[in-house]
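[1] I would like the atomic coordinates for the input below:
(one chain, ligands or ions: 2)
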Amino acid sequence: MSIALGAAARDGKNAGVAPVTYGEGERPPRGDYSRARDDYCCEQDWAAYTEAEHDLYRRLHARQSALLPGHACDAFVRALGRLGAPERIPRFDAVSDTLERSTGWRLVAVPGLIPEEAFFRLLAARRFPVTDWIRRPDEFDYIVEPDLFHDLFGHVPLLFDPVFADFMQAYGEGGLKAARLGACELLARLYWYTVEFGLIATPSGLRAYGAGLLSSGAELSYCVRSPQPRRVEFEPARMMRSRYRIDSFQPTYFVIRSFEQLFDACAPDFAPVYAAVRETMAREGEIEAGAGAPGDRAAGPFSPATSAAVRPTAPGA
Ligand code: PHE
Ligand code: CO
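    Ligands and ions are numbered 1, 2, ... in the order given. Modelled structure (predicted):
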């Protein structure tokens, strides 16, 4: 998530410079914002990808696909193939044509992180922004900013799920409203703990549905198997009060039971929720990343004793 500074960017329109983000970093975000239009979208210059970049995508895809069994939710695994052949960076237009027939979403190319109002506007119109550049080879295991691999592999498969697809559009509409209410930071936390780092409880055990987990080489297995992190039942107001870390594995994950539950819990008007959360935070403060809170319900079915039920070594589990 990101916020725009500067007069020209304040109405959410591209001013040719990279947006400023909430997180701290040494470098400004990468990406050439001068070639993006007002709405931050640009052309995916597919012919400009080098063979080395296609090869990097192929290797990332292969490494990550091998980690999915037993870790990724079913809807993700089922839809992954619809991104097309894993050997080359997909053409966004080709994926969009398949996706549009399925749930009405299309992908749009962007130079990198975009300001949140521009982001919300795209989601509300069922347009998902995908960064058009891929990481460097030395960032194979870890990259701070979202790149093409994270955005495409991590986020796009679940846009083929009808309920999740509707949730993402509703999030965009909710974001535009949150911007009017000055509540973007609260809503960004909900995004972080669901769309990026969410877990779902299934009959076969915990599975990841968050894109930050699904595109991560190391955290995908950790989030499902490690006894270390806190796992709490999903609760929007609790998430909104919770800070998060962008530079390490998450110390807390929130667990949903279904995409329907996620959609339904976020359907009510959030204006009173934001007000209540602000009031609680004024009294009791924010919840530090990784800290517990009164009322937390530990999320099943995970416990170290039952983690064996996840069948760590069974091939194809
Ligand atoms: N219902 C929320 C509101 O009224 C919007 C929302 C929908 C937020 C879905 C997140 C996800 O603001
Ligand atoms: Co993401």
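[2] what parts of this structure come near ligand 1?
    Residues of the chain found near ligand 1 (Cβ under 6 Å from any ligand atom) are 167, 170-171, 174, 177, 266-270. To be clear about C-beta, it is placed using only N, CA and C from the backbone, and glycine gets the same treatment.
[3] can you rerun that using 8 Å?
    Within the chain, the positions near ligand 1 by Cβ under 8 Å from any ligand atom are 167, 170-171, 173-175, 177-178, 187, 190-191, 236, 263, 266-271, 273-274.
[4] and those residues, which are buried?
    167, 171, 174-175, 177-178, 187, 190-191, 236, 263, 266, 270, 273-274 (16 or more other Cβ atoms under 10 Å).
[5] and which of the residues you listed is nearest residue 201?
    residue 263 (16.2 Å; Cβ to Cβ).
[6] residue of the stretch 151-300 of the chain nearest ligand 1, please.
    Residue of the stretch 151-300 of the chain nearest ligand 1, by Cβ to the nearest ligand atom: residue 174 (2.4 Å).
[7] so where do the helices sit in this protein?
    Secondary structure of the chain by DSSP state H: the helices cover 51-67, 74-79, 92-103, 116-124, 148-149, 162-180, 184-191, 211-214, 219-225, 236-240, 259-266, 271-284.
[8] what does the longest one contact?
    For helix 162-180, contacts defined as Cβ atoms under 8 Å, 6 or more residues apart in numbering pick out 75, 103-105, 116-117, 119-126, 128, 158-159, 184, 186-187, 191, 195, 209, 258-260, 262-263, 266-267, 270-271, 274.
[9] need the CA coordinates for it. PDB is fine.
    In PDB, the C-alpha atoms belonging to helix 162-180 read as follows (Å, rounded to 0.1, in the frame of the first residue of the first chain):
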ATOM      1  CA  PRO A 162     -16.000 -15.900  -7.900                       C
ATOM      2  CA  VAL A 163     -16.400 -15.100  -4.200                       C
ATOM      3  CA  PHE A 164     -12.800 -13.800  -3.800                       C
ATOM      4  CA  ALA A 165     -13.200 -11.900  -7.000                       C
ATOM      5  CA  ASP A 166     -16.200 -10.100  -5.600                       C
ATOM      6  CA  PHE A 167     -14.400  -9.500  -2.300                       C
ATOM      7  CA  MET A 168     -11.600  -7.700  -4.200                       C
ATOM      8  CA  GLN A 169     -14.000  -5.400  -6.000                       C
ATOM      9  CA  ALA A 170     -15.800  -4.600  -2.700                       C
ATOM     10  CA  TYR A 171     -12.400  -3.900  -1.100                       C
ATOM     11  CA  GLY A 172     -11.700  -1.300  -3.900                       C
ATOM     12  CA  GLU A 173     -15.100   0.400  -3.300                       C
ATOM     13  CA  GLY A 174     -14.500   0.300   0.500                       C
ATOM     14  CA  GLY A 175     -11.100   1.800  -0.100                       C
ATOM     15  CA  LEU A 176     -12.500   4.800  -1.900                       C
ATOM     16  CA  LYS A 177     -14.900   5.300   1.000                       C
ATOM     17  CA  ALA A 178     -12.100   4.800   3.600                       C
ATOM     18  CA  ALA A 179     -10.100   7.500   1.700                       C
ATOM     19  CA  ARG A 180     -13.000   9.900   2.300                       C
END
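[10] just the buried residues of the contacts of helix 162-180.
    The neighbour count (16+ other Cβ under 10 Å) marks 75, 103, 105, 116-117, 119-124, 126, 128, 158-159, 184, 186-187, 191, 195, 209, 259, 262-263, 266, 270, 274 as buried among these.
[11] against residue 153, how distant is residue 291?
    Using Cβ to Cβ, to the nearest Å, one gets 31 Å for the distance from residue 291 to residue 153.
[12] could you do residue 78 as well?
    Separation of residue 78 from residue 153 (Cβ to Cβ): 15 Å.
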